[in-house]
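Asker: Please work out how this folds:
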Amino acid sequence: MSESDRMPVTAQRSNARKIALRLLGWYDVHRRILPWRAKLGECADPYQVWLSEIMLQQTTVQAVGPYYRKFIARWPDANALAAADLNAILAAWAGLGYYARARNLHRAAKVVVDKFGGEFPANLEQLKQLPGVGAYTAGAIAAIAFDLPFLAMDANAERVLARLFAVEEALPKAKTLLRRLGQQLVPRKRAGDFAQALMDLGATTCTPKKPACRSCPVNMHCRAFKISVQELLPHKAEKPSRPLKRGAAFVARDRSGDVLLVRRPENGLLGGMLQPPLGPLTEQFPSLEHAMLQAPFPADWKKRVSIVRHGFTHFELEIEVYVAEVDSRTHGSPPVHEGRTEKDSLPFHGGRAWVAERDLPTAALPTLMRKIIAEALS
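Answerer: Numbers count the residues shown, from 1 in each chain. Take a look at the predicted model:
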């Protein structure tokens with residue numbers, strides 16, 4: 001039980017008001033300038049809030065900035081994004097990771113246009129119905145875009161709340177308790193500013209290591225600071241070790257230097273993205289004989305010396321790269337100039353296409369596949 005749970009209800013409310021007021025006062029002076037954040041005195045754009053929140057899922061602010069600017073310049077509102085070709089969206093997203101977010105982004109934009117006339121609903125339950133929008137994201141949009149009194153709790157806010165209330169339960173199990181405690185702090189007015197203040201405090205002051213507690217605006221209310229355990233919180237459950245998988249990739253080039261790519265299935269890991277042909281992933285690399293059976297077609301495949309390594313959330317990956325120069329495209333499809341216009345549907349014949357080397361930088365290639373191609377072309 002936290003200290004706040006032992007307080008009388010009236011004392012809890014008074015304490016919550018004090019915390020909110022002090023945090024908002026701090027935020028008015030120290031708020032971060034972010035490309036998706038409304039300027040002081042301006043109303044937040046729900047589309048921009050939603051787009052940034054989806055991008056920020058499991059991704060840092062620093063990584064998101066360039067992608068956000070590119071998306072806003074190309075698709076400035078829900079109507080533009082809904083009308084966009086999914087392949088163009090995936091290509092613009094390439095490198096940001098967790099590609100299901102990009103597909104859900106497109107689906108959600110279509111729902112906003114078809115069901116809500118292009119305007120995001122100012123309703124928490126309706127926001128939760130959008131593809132890719134869970135409880136946290138819905139709360140963030142409701143608070144920041146519409147100033148509704150809901151908690152937005154990212155990893156930074158989780159850390160602040162865990163220390164503020166000295167929550168001993170480990171994450172992620174503690175999330176339910178932290179949401180309940182945090183919701184008690186949300187003020188009736190300026191809920192959006194409060195949400196962003198909580199995030200900013202965690203990002204700049206209540207940091208994972210060596211938090212600047214002496215300059216924290218709510219240190220007099222922080223239970224962890226009082227008992228000197230702030231650097232020990234929040235506790236986190238031990239992560240299971242990630243298994244190692246291995247496989248082979250096959251990069252074929254024709255006389256023009258164009259590269260053969262295939263499109264991954266829509267569902268599953270890296271769904272809908274492009275890649276050179278890959279063999280199955282197993283515990284061991286395939287022998288040369290088995291690798292030739294996995295190759296997309298017979299050719300003079302030569303194995304590169306270096307191994308491409310990449311980490312996913314649930315496993316580590318090592319890939320051996322095989323390269324072949326082919327005289328004709330009998331095993332692929334006609335040339336495709338990837339990403340030229342939004343009207344291009346990328347007509348991959350049989351799921352394959354030869355892509356010009358000059359078009360590879362704008363192709364919908366995940367980071368792993370770019371590593372493989374770079375190794376092959378080096």
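
Asker: Would you agree Ala140 is in contact with Ala195?
Answerer: Yes - under the criterion of C-beta atoms under 8 Å, Ala140 lies in contact with Ala195, with a separation of 6.3 Å. Bear in mind the C-beta positions are built from the backbone N, C-alpha and C, glycine included.

Asker: any residues in contact with both of the two?
Answerer: Ala152 (C-beta atoms under 8 Å, 6 or more residues apart in numbering).

Asker: how far does the helix or strand where Ala195 lies sit from the chain's center?
Answerer: Here Ala195, judged by DSSP states H and E, is contained in helix 191-204. Offset of helix 191-204 from its chain centre (C-alpha atoms, centre = their mean, to the nearest Å): 19 Å.

Asker: Buried residues of it, list them for me.
Answerer: Neighbour counts over helix 191-204 (16 or more other C-beta atoms under 10 Å) mark 191-203 as buried.

Asker: With distance to Gln48 added, can I get the residues you listed in CSV?
Answerer: Converted to CSV, the buried residues of helix 191-204 look like this (distance: C-beta to C-beta, whole Å):
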residue, distance to Gln48
Ala191, 18
Gly192, 13
Asp193, 16
Phe194, 19
Ala195, 15
Gln196, 13
Ala197, 19
Leu198, 19
Met199, 16
Asp200, 17
Leu201, 22
Gly202, 21
Ala203, 19
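
Asker: is it possible to export those residues to TSV including distance to Gly247 and pLDDT?
Answerer: Compiled in TSV, these are given as follows (distance: C-beta to C-beta, whole Å; pLDDT from 0 to 100):
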residue	distance to Gly247	pLDDT
Ala191	48	95
Gly192	46	95
Asp193	49	96
Phe194	48	97
Ala195	43	96
Gln196	43	96
Ala197	46	97
Leu198	43	97
Met199	39	96
Asp200	42	97
Leu201	44	98
Gly202	39	97
Ala203	38	96
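
Asker: now, which of those residues sits nearest Ile307?
Answerer: Closest approach between those and Ile307, by C-beta to C-beta: Ala203, at 36.1 Å.

Asker: For the closest one, list the residues it contacts.
Answerer: 32, 61, 156.

Asker: most surrounded residue in the residues you listed?
Answerer: Most neighbours among the contacts of Ala203, by other C-beta atoms under 10 Å: Asn156, with 20 neighbours.

Asker: What residues does the nearest residue to it once chain neighbours are set aside make contact with?
Answerer: Leaving aside its chain neighbours, Asn156 sits nearest to Gly202 (2.7 Å; criterion: C-beta to C-beta, 6 or more residues apart in numbering). When contacts are counted by C-beta under 8 Å, 6+ apart, Gly202 touches 154-160.

Asker: what pLDDT does Arg246 get?
Answerer: pLDDT recorded at Arg246 is 97.

Asker: and what of the one 5 residues further on?
Answerer: Confidence per residue is given as pLDDT, and for Val251 that number is 97.

Asker: Secondary structure class of it, three-state.
Answerer: strand (DSSP: H, G, I helix; E, B strand; the rest coil).

Asker: and after the helix holding Ala195, which helix or strand comes next?
Answerer: helix 223-226.

Asker: buried stuff in stretch 59-73?
Answerer: Residues of stretch 59-73 classed as buried: 61, 64, 67-68, 71-72 (neighbour count, 16+ other C-beta under 10 Å).

Asker: Over to stretch 75-88?
Answerer: 75, 77-82, 84-88.

Asker: Stretch 272-284 - what's its average pLDDT?
Answerer: Here stretch 272-284 scores 94 as its mean pLDDT.

Asker: Quick check: end-to-end length of that stretch?
Answerer: 26 Å (C-alpha to C-alpha, to the nearest Å).

Asker: buried residues in it?
Answerer: Buried residues in stretch 272-284 (16+ other C-beta under 10 Å): 272-279.

Asker: cool, stretch 214-221 as well?
Answerer: Buried-residue list, stretch 214-221, by 16+ other C-beta under 10 Å: 216-219, 221.

Asker: Repeat that for stretch 39-49.
Answerer: Per 16+ other C-beta under 10 Å, stretch 39-49 contains these buried residues: 44-49.

Asker: is it possible to export those residues to TSV including pLDDT and secondary structure?
Answerer: Shown next, in TSV, are the buried residues of stretch 39-49 (pLDDT from 0 to 100; DSSP: H, G, I helix; E, B strand; the rest coil):
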residue	pLDDT	secondary structure
Ala44	95	coil
Asp45	96	coil
Pro46	97	helix
Tyr47	97	helix
Gln48	97	helix
Val49	97	helix
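
Asker: Show me where this structure dips below the pLDDT cut-off.
Answerer: Applying pLDDT under 70 to the chain flags residues 1-12, 329-350.

Asker: Pick out the residue closest to the middle of it.
Answerer: The centroid of the chain falls nearest to Gln57 when counting by C-alpha atoms, centre = their mean (4.0 Å).
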